[in-house]
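A.B. asks: Model the following, please.
(one chain, ligands or ions: 1)
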Amino acid sequence: DMGGHDTYMHKEISEQADAVDRVLRGRIDDRFSTVHLGGLNLDAREARGIRRVKILGCGTSYHAGLIGAGLIESLARVPADSEPASEFRYRNPVVDPDTLYIAVSQSGETYDVLAAVQELKRKGARVLGVVNVVGSAIARETDGGVYVHAGPEVCVVSTKCFTNTVVAFALLALHLGRIRDLSVADGKRIIEGLRRLPAQISEILESEDEIRKLADEYADARSMMFIGRVRGYPVALEASLKLKEISYIHAEAYPASELKHGPLALIEPALPTVAIVPDDELLEKNRAALEEIKARSGRILAVAHQEQEKADHTILVPKNEDELDPILMGIPLQLFAYHTALSLGRDIDKPRNLAKSVTVE
Ligand code: M6R
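C.D. replies: The predicted structure is shown next:
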């Protein structure tokens, strides 16, 4: 049942404020500015012994893991990174007893992720899951974890599940932070930021008409560049994947800082750039990148907290805490991919060559 929407993707995009509300519900403890995650199965002493976090997933879940790693590094100050699960399992990785491994999967059935979990467990590692589907294979194989509570996601391309997965990582990062070195004040700041998310998501979804017009304007591009820096880079990766999956427009994502090391050669009027430009400590750096692109006559669509002078168009998003901004900045670009695909007449819920869950190698 699409509940009055033309596609499941549109329905699922529009459900995100409620979905985020659900992943937060019952998990925040305001008295101590901390978080309770019932199924984690990791006591405080074990959690304090973690020296490193390694996140494994595929596709969109890998991208959610990249944002999750950033959240864990900044809130818990534990080195963290995310890697495609398939790459991890084929490179005979060193399995380290002081590393916490986290498998991320919407479906909980992705074979490459499941195989990585099984290999890790064989070698004695502790593996948690960040999973949407309750009781799925990955949820069962892991030692504990955090359910994402996004509700069923039918469309092949992931939207609400991505958002909820990142919010689940923010909760996990906050939990790890508060039993290590994060102050009560910072815990409170992040909790207040998390609580602002649902209303801010609704606000973004209200700009759909404007985003649809922009999508129509850019739909003639044969290829698009997506750039972001640090927290903005995974947002760029995910937005470029969304566009590829449903519109079949070729898209690349690069860290903004890497432009001058090669991809700047591609910039010309026929290759538009979508730039993630949050109001944070990197704003000036990001503006400099926009200037470099403009100097090569590249068209620019910015997703930002304030109007960008160098951009041809700016999609404004509400500001949250710096750490949580990536959660919001990707949402207008889900709508952008959606309307681009719609104006090209694509089969949005069932893009060619793709399956909802990839249970083969
Ligand atoms: O169910 P999973 O999260 O494990 O799926 C992983 C990927 O196959 C999935 O995210 C894929 O990239 C989607 N089509 C993204 O929209």
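A.B. asks: how about the strands in the stretch 101-250 of the chain?
C.D. replies: 126-131, 144-147, 223-228, 250-255 (DSSP state E, counting those that start in this stretch).
A.B. asks: quick one: which of these is nearest the ligand?
C.D. replies: strand 126-131 (8.4 Å; C-beta to the nearest ligand atom). C-beta: built from backbone N, CA, C; applies to glycine.
A.B. asks: and the closest one, is it in reach of the ligand?
C.D. replies: No - on the criterion C-beta under 6 Å from any ligand atom, strand 126-131 is out of touch with the ligand, staying 8.4 Å away.
A.B. asks: Show me what that strand is packed up against.
C.D. replies: Strand 126-131 sits against helix 59-76, strand 99-105, helix 111-122, helix 137-141, strand 144-147, helix 160-178, with contacts defined as 3 or more C-beta pairs under 8 Å, 6 or more residues apart in numbering; DSSP states H and E.
A.B. asks: Name the nearest residue to the most centrally placed residue in the chain, sequence neighbours excluded.
C.D. replies: Geometric centre of the chain, nearest residue: residue 64, 3.6 Å, by C-alpha atoms, centre = their mean. Once flanking residues are discounted, residue 64 sits nearest to residue 165: 4.0 Å by C-beta to C-beta, 6 or more residues apart in numbering.
A.B. asks: quick one: that neighbour from residue 178, how far?
C.D. replies: When distance is defined by C-beta to C-beta, to the nearest Å, residue 165 is 21 Å away from residue 178.
A.B. asks: between these two, which one's more packed in?
C.D. replies: residue 165 (29 against 22; other C-beta atoms under 10 Å).
A.B. asks: My guess is residue 104 contacts residue 65. True?
C.D. replies: Yes - with contact defined as C-beta atoms under 8 Å, residue 104 counts as touching residue 65 (4.9 Å).
A.B. asks: shared neighbours, these two?
C.D. replies: In terms of C-beta atoms under 8 Å, 6 or more residues apart in numbering, residue 104 and residue 65 are both contacted by the residues 55-57, 82, 130.
A.B. asks: So which of those residues are in strands?
C.D. replies: 55-57, 82, 130 (DSSP state E).
A.B. asks: all helices of the stretch 251-361 of the chain, in order?
C.D. replies: 283-295, 325-329, 331-343 (DSSP state H, counting those that start in this stretch).
A.B. asks: Which among those helices is found nearest to residue 91?
C.D. replies: Ranking the helices of the stretch 251-361 of the chain by proximity to residue 91 (C-beta to C-beta) places helix 325-329 first, at 27.3 Å.
A.B. asks: The residue in the stretch 201-350 of the chain that the ligand sits nearest to: neighbouring residues, count only.
C.D. replies: The minimum distance from the stretch 201-350 of the chain to the ligand, using C-beta to the nearest ligand atom, falls at residue 245 (5.5 Å). Residues contacting residue 245 under the criterion other C-beta under 10 Å number 23.
A.B. asks: again with residue 260
C.D. replies: By other C-beta under 10 Å, neighbour count at residue 260 equals 11.
A.B. asks: any idea how far the closest residue to it other than its chain neighbours lies from residue 239?
C.D. replies: Computed as C-beta to C-beta, 6+ apart, the closest residue to residue 260 that is not its neighbour in sequence is residue 292, at 7.0 Å. Going from residue 292 to residue 239 by C-beta to C-beta gives 20 Å.
A.B. asks: Same drill for the two, tell me which one is more crowded.
C.D. replies: residue 239 (27 against 15).
A.B. asks: hang on, the earlier thing: can you tell which of the strands of the stretch 101-250 of the chain is closest to residue 304?
C.D. replies: Of all these, strand 223-228 comes closest under C-beta to C-beta, at 11.2 Å.
A.B. asks: residues near the residue in the chain that the ligand sits nearest to, how many?
C.D. replies: Distance from the ligand to each residue of the chain (C-beta to the nearest ligand atom) is smallest for residue 59, at 1.9 Å. Using other C-beta under 10 Å, residue 59 has 21 neighbouring residues.
A.B. asks: Check residue 199 too.
C.D. replies: Residue 199: 12 neighbours (other C-beta under 10 Å).
A.B. asks: Can you give me every residue that contacts it?
C.D. replies: Applying C-beta under 8 Å, 6+ apart, the residues near residue 199 are residue 17.
A.B. asks: Repeat that for the one 3 residues further on.
C.D. replies: With contact taken as C-beta under 8 Å, 6+ apart, residue 202 is in contact with residue 17.
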